[in-house]
Structure formats: structure tokens, C-alpha cells
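In: Quick one: sequence and predicted model below, then my questions.
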Amino acid sequence: MQPDLTSLSLGYQAMAPPSISRRPRRKNKSTSSDDMDNDMILYGVFLIFISCTFFILGVWSMAIAPFVPESGFPVLDWLRNDTHYKYLVPLLIPIGLYTVIVNWMGFKMFRHA
């Protein structure tokens with residue numbers, strides 16, 4: 001005679017522990033979380049604005065400025081006449097990525113050797 005497996009599975013399901021949450025549940029949202037959400041949105045908009053500004057200035061200084069006459073705006077004229085620093089920030093990105101990847105690969109090789 002074999003035991004009844006359906007009664008065993010139902011008993012196990014009834015005894016299963018409830019799910020445990022790491023954060024305590026709140027019934028109503030406080031205003032501080034709404035303020036934090038608004039702050040995060042402002043930080044994101046600020047980051048996008050700064051990124052677009054640097055991208056536009058970089059494209060201007062490397063691709064457009066050498067082919068147009070002086071504009072009379074001191075910052076744009078300085079970028080136009082510069083031959084060294086206008087390449088510094090755009091070239092730091094691939095060099096930085098290369099350094100990070102080589103360091104990561106070296107760490108993995110050392111760890112698994």
C-alpha cells in the first residue's frame with residue numbers, strides 16, 4: 001500500500017512560511033519620499049543638461065570651430081584656437097575604459113591563477 005501523496009503536499013503548502021520582506025511596509029507614503037523623488041528627477045535633468053552641454057562644446061571645438069571664422073565669444077574663440085586641451089576630455093574616455101578593463105582582467109587572472 002502506498003501513502004497518499006496529495007495529503008502530504010497540501011500539508012506542506014499549509015505549513016509554508018510567509019514571504020519575508022526586508023523593508024517594513026508603510027500604509028501611507030510620507031512626503032519625504034515624494035521630495036526625494038523630485039530631487040532625483042532634478043538631479044537627472046541636471047546631469048542630462050551638463051552632458052549635452054559638454055557634448056555640444058566638444059563637437060564644436062573639434063569638428064566645427066576649425067572651419068568657421070572667429071565668433072567674438074571668448075570661450076568659443078579659445079576653443080577654436082586651442083590645439084591641445086580640446087582633445088583632453090574626449091580622449092580620457094577611451095583611455096579610462098582601457099585602463100579599467102585591463103585592471104579588471106588582471107584582477108581576474110590573478111584571482112583564478
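Out: That came through fine.

In: Quick check: the gap between M40 and L47.
Out: Distance of M40 to L47, given as CB to CB, to the nearest Å: 10 Å. Using the backbone N, CA and C atoms, a C-beta is placed for each residue, glycine as well.

In: Show me whatever sits in contact with both of those two.
Out: Between them, M40 and L47 share no contacting residue under CB atoms under 8 Å, 6 or more residues apart in numbering.

In: Helices along this structure, start to end?
Out: 5-14, 31-59, 74-81, 88-111 (DSSP state H).

In: so where is the chain shaky, pLDDT-wise?
Out: Low-confidence segments of the chain (pLDDT under 70): 1-33.

In: Could you count how many residues lie near D39?
Out: Neighbourhood size, D39 [other CB atoms under 10 Å]: 10.

In: Please disregard the earlier target; I meant N81.
Out: By other CB under 10 Å, neighbour count at N81 equals 11.

In: Tell me who's in contact with it.
Out: Contacts of N81 (CB under 8 Å, 6+ apart): none.

In: gap between it and I56?
Out: N81 is 18 Å from I56, by CB to CB.

In: just G96 next, same as before
Out: G96 is 21 Å from I56, by CB to CB.
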